[in-house]
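J.: Mind folding the following:
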Amino acid sequence: MLTQIISAVLVLGVLGFVFGAILSYASVKFEVKIDPLIEKTLDLLPGANCGGCGFPGCASMAEAIVKKGVPVSTCPVISSLNRIKIEELVGLRKPGEEVKKPVVKAALVKCNGLDSDEYKKFEYMGVPNCQAAVLLQNGPWLCPHRCMGLGSCVAACPFDAIKIGPQHLPIVDEDKCTACGRCVLACPKQIIELVDKEKVVHVKCNSVERGADTRKVCKVGCIGCGLCVKVCAYEAIKVDNNLAHIDYEKCVGCGACVAKCPQKTIIMENQPQFKGRVAEIDQDACIGCTICYKVCKFSAVNGGTPKEKHSIITDKCVGCGLCAEKCPKKCIEMKDKA
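T.: Predicted coordinates for the structure are as follows:
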């Protein structure tokens, strides 16, 4: 009996040694070498695996940064400190090089439709899901581009950054939003866009219908009138396919288009009662250099003669702020209209 036990133990011991030796050899022979630079990069990435960068996860993102030179800013949730560390680590930035402020984005809902029965085709009583509602006559709203308001974007957000507001429209908490883009993919109407958090002027509409047709189904929809284009001194807005579009790289947030929009489709963030701005010149500081007179595209400045004190024609001033920006004495101030 004892002999059998000893034999069994020896056999198992020998087998364990043999298999261990085979595994050790295999681990060396078939080792998958990982670039230590990728590992260090991965350690500095957030590890959220949210997919906002367009890659399956942070590991794939790290590999793309090291091997393909993908910008670190592609990751929407990385901290500025870790972004700089990775860029220096992989050679995308020289140590001590001036840091450019990255564009931090957040989700923008391009719809401001009113919640009223007069704008509905029927009362939707089905599954509370935007994709499901769209399958039924393109949704319950008369406007074919109106937000369904059933919260598919809310369900898709892994950061609890969206909720449905009182008008059955999504409200985005910019402090929580990481711009991962999941809400953009979840929206069947494609009315959610990722924009620079620092920009405050937005077109809250996504309708490409003719102005007359838009008026029939929405009081606050863009009618493509082009008045916003005419008052923009920075050429930062255009109308394409009956819908106004803002070029955020050019927009300075002056609000001239907001004040001019007859439909109140263009809004100034956090200023629902915004009525526009007007320039005011400090007569004591003005030297009559004529710069403001020359740069004003709306003939809203009096005094084209050198050394003549300038004044603002308030009825013509659109509040673009171009004169204040160019004034060498900084004696022009932009003030909100009452």
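
J.: low pLDDT regions in this structure?
T.: 1, 31-32, 94-100 (pLDDT under 70).

J.: Nearest the geometric middle of it, what residue?
T.: By C-alpha atoms, centre = their mean, the chain has its centre lying nearest to Val195, at 2.0 Å.

J.: Phi first, then psi, for Asp173.
T.: phi -90, psi 100 (degrees, to the nearest 10).

J.: residues in contact with Lys199?
T.: Listed by C-beta atoms under 8 Å, 6 or more residues apart in numbering, the contact partners of Lys199 are 246, 248, 251, 253. For the C-beta atoms, the positions are set from N, CA and C on the backbone; glycine is no exception.

J.: Columns neighbour count, secondary structure and distance to Ala59 on top of those residues, output as TSV?
T.: Converted to TSV, the contacts of Lys199 look like this (neighbours: other C-beta atoms under 10 Å; DSSP: H, G, I helix; E, B strand; the rest coil; distance: C-beta to C-beta, whole Å):
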residue	neighbour count	secondary structure	distance to Ala59
Ile246	20	strand	36
Tyr248	16	coil	32
Cys251	19	coil	37
Gly253	16	coil	39
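
J.: Nearest to Lys275 among these?
T.: Of all these, Lys275 sits closest to Gly253, with 15.3 Å by C-beta to C-beta.

J.: Report how many residues lie close to the nearest residue to that closest one once chain neighbours are set aside.
T.: Excluding the flanking residues, the one nearest Gly253 by C-beta to C-beta, 6 or more residues apart in numbering is Val200, at 4.8 Å. Residues within reach of Val200, counting by other C-beta atoms under 10 Å, total 16.

J.: who's in contact with Val200?
T.: Each residue near Val200 by C-beta under 8 Å, 6+ apart is listed here: 253, 268-271.

J.: what does Gly57 give?
T.: Contacts of Gly57 were listed using C-beta under 8 Å, 6+ apart, and they are 49, 51.

J.: Quick check: the gap between it and Val203.
T.: To Val203, Gly57 is 34 Å away according to C-beta to C-beta, to the nearest Å.

J.: related to what we said a few turns ago, then the residue nearest to the centre of the chain would be within a helix, right?
T.: No - Val195 is assigned strand when assessed by DSSP: H, G, I helix; E, B strand; the rest coil, not a helix.

J.: quick one: it and Val104 touch, right?
T.: No - using C-beta atoms under 8 Å, Val195 is not in contact with Val104; the gap is 10.3 Å.

J.: now the helices for the protein?
T.: 2-29, 36-44, 58-68, 80-90, 130-134, 152-156, 182-186, 211-217, 227-231, 256-260, 291-295, 322-326 (DSSP state H).

J.: dump the residue contacts of the residue nearest to the centre of the chain.
T.: 105-106, 108, 202, 248.

J.: so how far is Pro272 from it?
T.: For Val195, the distance to Pro272 (C-beta to C-beta) stands at 19 Å.

J.: Ala106 now?
T.: Ala106 is 19 Å from Pro272, by C-beta to C-beta.

J.: Who has more neighbours out of those two?
T.: A side-by-side neighbour count of Ala106 and Pro272, using other C-beta under 10 Å, places Ala106 first with 21 against 8.

J.: Who does Met268 form a beta bridge with?
T.: Val201 (DSSP bridges).

J.: pretty sure it contacts Val203?
T.: No - Met268 lies out of contact with Val203 (C-beta under 8 Å); the separation is 11.8 Å.

J.: Please say which of the two ends up with more neighbours.
T.: Each of Met268 and Val203 had its neighbours counted (other C-beta under 10 Å), and the higher figure belongs to Val203 (23 against 19).

J.: The more buried one touches Asp247, doesn't it?
T.: No - the pair Val203 / Asp247 is not scored as a contact, 11.3 Å apart, by C-beta under 8 Å.

J.: how close does the residue nearest to Gly253 get to Phe274?
T.: From Val200 over to Phe274 the distance is 10 Å, taken as C-beta to C-beta.

J.: what's the overlap in contacts for the two?
T.: Shared contacts of Val200 and Phe274 (C-beta under 8 Å, 6+ apart): Met268.

J.: Ramachandran angles for the residue nearest to Gly253?
T.: phi -120, psi -10.

J.: Could you tell me how many residues sit around Lys176?
T.: By other C-beta under 10 Å, 12 other residues sit near Lys176.

J.: Could you tell me how many residues sit around the nearest residue to it once chain neighbours are set aside?
T.: Among residues not flanking Lys176 along the chain, Ala161 sits closest, at 3.7 Å (C-beta to C-beta, 6+ apart). A count of neighbours around Ala161, defined by other C-beta under 10 Å, yields 22.
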